[in-house]
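J.: Let me see the structure of the following:
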Amino acid sequence: MNLGICYGSLRRYRDSTEAFKAALKVDPGNAFAWFNLGATYHLAGDRANALEVVKRLKPIDPRKADQLFDIVVPR
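T.: Numbers count the residues shown, from 1 in each chain. Below you'll find the model as predicted:
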């Protein structure tokens, strides 16, 4: 998962999303990985996938899902 953060800081969003997806294959309940995957989609301009991640994150960690939603859809 740290690899995803490193790729994201380098703006290598495709690599970052792949790293977070790999982390989620190992631990599908990892709210931190879901949040970062959604944030990375947002940074890459992929709102549809970012919102899909919000839906997937909601049952795992509602608070993090709400935080991600606020990032993806600012008020």
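
J.: tell me the contacts of D61?
T.: Shown in contact with D61 (CB atoms under 8 Å, 6 or more residues apart in numbering): 31, 34-35. Yep, even glycine has a C-beta here, placed from its N, CA and C like the rest.

J.: quick check, nearest of these to L57?
T.: When the contacts of D61 are ranked by distance to L57 (CB to CB), W34 comes first, at 4.3 Å.

J.: How many neighbouring residues does the residue nearest to that closest one when sequence neighbours are not counted have?
T.: Excluding the flanking residues, the one nearest W34 by CB to CB, 6 or more residues apart in numbering is L57, at 4.3 Å. If you count neighbours by other CB atoms under 10 Å, L57 ends up with 23.

J.: can you check the one 3 residues further on too?
T.: By the measure other CB under 10 Å, the count of residues near I60 is 15.

J.: nearest spatial neighbour of it, skipping sequence neighbours?
T.: Per CB to CB, 6+ apart, closest to I60 is A31, 5.0 Å.

J.: Of the contacts of D61, which belong to strands?
T.: Residues of the contacts of D61 located in strands (DSSP state E): none.

J.: returning to that earlier point: tally of neighbours for the residue nearest to I60?
T.: Neighbours of A31 (other CB under 10 Å): 16.

J.: try the one 5 residues further on
T.: Residue crowding around N36 was assessed by other CB under 10 Å; the count is 23.

J.: What of L51?
T.: Counted with other CB under 10 Å, L51 comes out at 17.

J.: tell me the contacts of the closest residue in space to it that isn't next to it in sequence?
T.: Distances taken as CB to CB, 6+ apart place V72 nearest to L51, at 6.0 Å, with adjacent residues excluded. Contacts for V72 (CB under 8 Å, 6+ apart) come out as 38, 42, 47, 50-51, 54.
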